[in-house]
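1. Return a 3D structure for these sequence lines:
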Amino acid sequence: MKLTPATSVAALALIAAASFAGGRFSAPSTGAQIPGSTKAGAQSRLGTRAEGSVATEGERAPRASRPDGRAKESPAKPRIGDLEGIVRGGNALERSRAMLAFIDKLDPAQLEDAVANFRGLGLTQERMGEYSLLLTAWAEADPVKALAYATANTGGSFATDTILATWTAKDPEAAILWAQQKHTGEEANPYMASIIGIIAETDVRRASQLVVDMPYSRERGEALAAMMPHLAALGPEAARNWVAALKDEQLREGAMGRLNEALTRIDPQGTAKWLVAHPEPANQRGLGSAVAEWARQDRDAATAYFSTLPAGEIRSYALRGLVSAVASEDPKAAASMLNSYSADVTDSVVRHFVWSSFRSDPATAASNISRITDVEQRDETYRRTLGGWLRRDPEGAQTWLRSNQQVPPNVVDELNRQIREMNGG
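-> The predicted model follows:
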């Protein structure tokens, strides 16, 4: 069967995401089979065939009569057994091309056997792209039958999600109806996240209606995450207005947090200013990230904006982002910021400074840990920072430790034990 152009593009996109898909399917390392992957393929390998399956090797395809009475060969259907040769190929691009050519020659009635046989060969992470192509083709031909097979024979969500995504792109309302009929109970519909993600590509309004109808759940979070790039594409103002109009407080906070992440990547300056103007608790947490991204792009402008903020939590959140961005490039300049804006420095600001500066300048990072006022957090930061430094550069860490007396004695004792163990004592 021929895949439609749109479906071919979508299928190839699935190949590009095959490594992610393997993780969603909990695929093991290279060459290992996913448990249960042979369930649907056993009969195919034993030689039994369902109605409409392809002839086994050695059998001839049926021949049609020609006008002159002589029989002519009809185009030979591909043999399901040919799949093994495709999946054993070493080059991913060649495998994909071969699989597309194989699918183009398949009769729709052969697709179930093809999927079962493919699964019987063993689902490894490297094969998920070709698996996506087969599932996509089946979803094009008969999504209801493909979904019935997937829900009965697969343990993960990959097959069902792939089939639903293909069906939704072709007939969204039919896919929604199927999902609603298949789900009972008060919990979130497990099929809706995949559907919403596809619908959002072309109809954010319809996707929004579906998200609002979902209860608080992991699935709703996944649906929101899938919507965010498409919502952000509407523009910052339209996207934020959409979020602000949500009546469910939990949904609004979750959507705002995810939207802030998406908008920070494309408009950190505008995002930072909007967050300052809307200082709800959920927004404050995103301010540091927005200012950090802004500072990476234009440190002077981000610093100048920070200087205009009034004292308080908002200013400290902004300083955390500013210091983190500067510390990753210039730890000493970031340390100077801690001194210049000491009134705005919180324990969180210091910890972010330490984490951001440690790799390039562990001495400067460690020298500022004493600014942390919470004793437990301070000591734990010393343990993690100095312990990591000892593993990476034992001589440099020990030299610093001997010349800096501010490290608490209990932490020094633990580090000395670590040093003795490293030296075989």
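2. switch to C-alpha atoms for all contacts and neighbour counts from now on
-> Fine.
3. Helix, strand, or coil at Met214?
-> coil (DSSP: H, G, I helix; E, B strand; the rest coil).
4. Next up, phi/psi of it, please.
-> As for Met214, its main-chain torsions (degrees, to the nearest 10) stand at phi -80, psi 140.
5. residues in contact with it?
-> By C-alpha atoms under 8 Å, 6 or more residues apart in numbering, the contact set of Met214 is 188-189, 220.
6. If you rank these by neighbours, which is first?
-> Top of the contacts of Met214 by neighbour number is Arg220, holding 24 neighbours under the definition other C-alpha atoms under 10 Å.
7. my guess is that residue meets Ser194, correct?
-> No: between Arg220 and Ser194 there is no contact, the gap being 10.5 Å when judged by C-alpha atoms under 8 Å.
8. of all the contacts of Met214, which comes closest to Pro143?
-> Of all the contacts of Met214, the one with the least separation from Pro143 (C-alpha to C-alpha) is Asn189, at 18.4 Å.
9. Skipping adjacent residues, who's closest to the closest one in space?
-> Nearest residue to Asn189, sequence neighbours excluded (C-alpha to C-alpha, 6 or more residues apart in numbering): His183, at 6.0 Å.
10. isn't the one you found right up against Ile176?
-> No: counting by C-alpha under 8 Å, His183 sits too far from Ile176 to count as a contact (10.9 Å).
11. So those two - more neighbours on which side?
-> In terms of neighbours (other C-alpha under 10 Å), Ile176 is the more surrounded of His183 and Ile176; the figures are 19 against 14.
12. ok so, going back, so which of the contacts of Met214 sit within helices?
-> Among the contacts of Met214, the residues falling in helices (DSSP state H) are Arg220.
13. Rebuild the contacts of Met214 as a markdown table, extending it with distance to Gln269.
-> Output for the contacts of Met214, formatted as a markdown table (distance: C-alpha to C-alpha, whole Å):
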| residue | distance to Gln269 |
| --- | --- |
| Ala188 | 36 |
| Asn189 | 37 |
| Arg220 | 29 |
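14. List the buried residues for the helix or strand hosting Ala175?
-> Using DSSP states H and E, Ala175 maps to helix 172-182. Within helix 172-182, the residues that count as buried by 16 or more other C-alpha atoms under 10 Å are 172, 175-176, 179.
15. okay, now the domains of the protein?
-> Listed by automatic domain parsing, the domain ranges of the chain are 1-42+77-142, 171-266.
16. for the stretch 301-425 of the chain, which spans come out with low pLDDT?
-> 425 (pLDDT under 70).
17. for the stretch 151-300 of the chain, same thing?
-> 282.
18. try it again with 80
-> Applying pLDDT under 80 to the stretch 151-300 of the chain flags residues 280-285.
19. Please enumerate the strands of it.
-> Read by DSSP state E, counting those that start in this stretch, the stretch 151-300 of the chain holds no strands at all.
20. Val115 - nearest residue in space that isn't next to it in sequence?
-> In space, Val115 is closest to Leu134, 6.5 Å off (C-alpha to C-alpha, 6+ apart).
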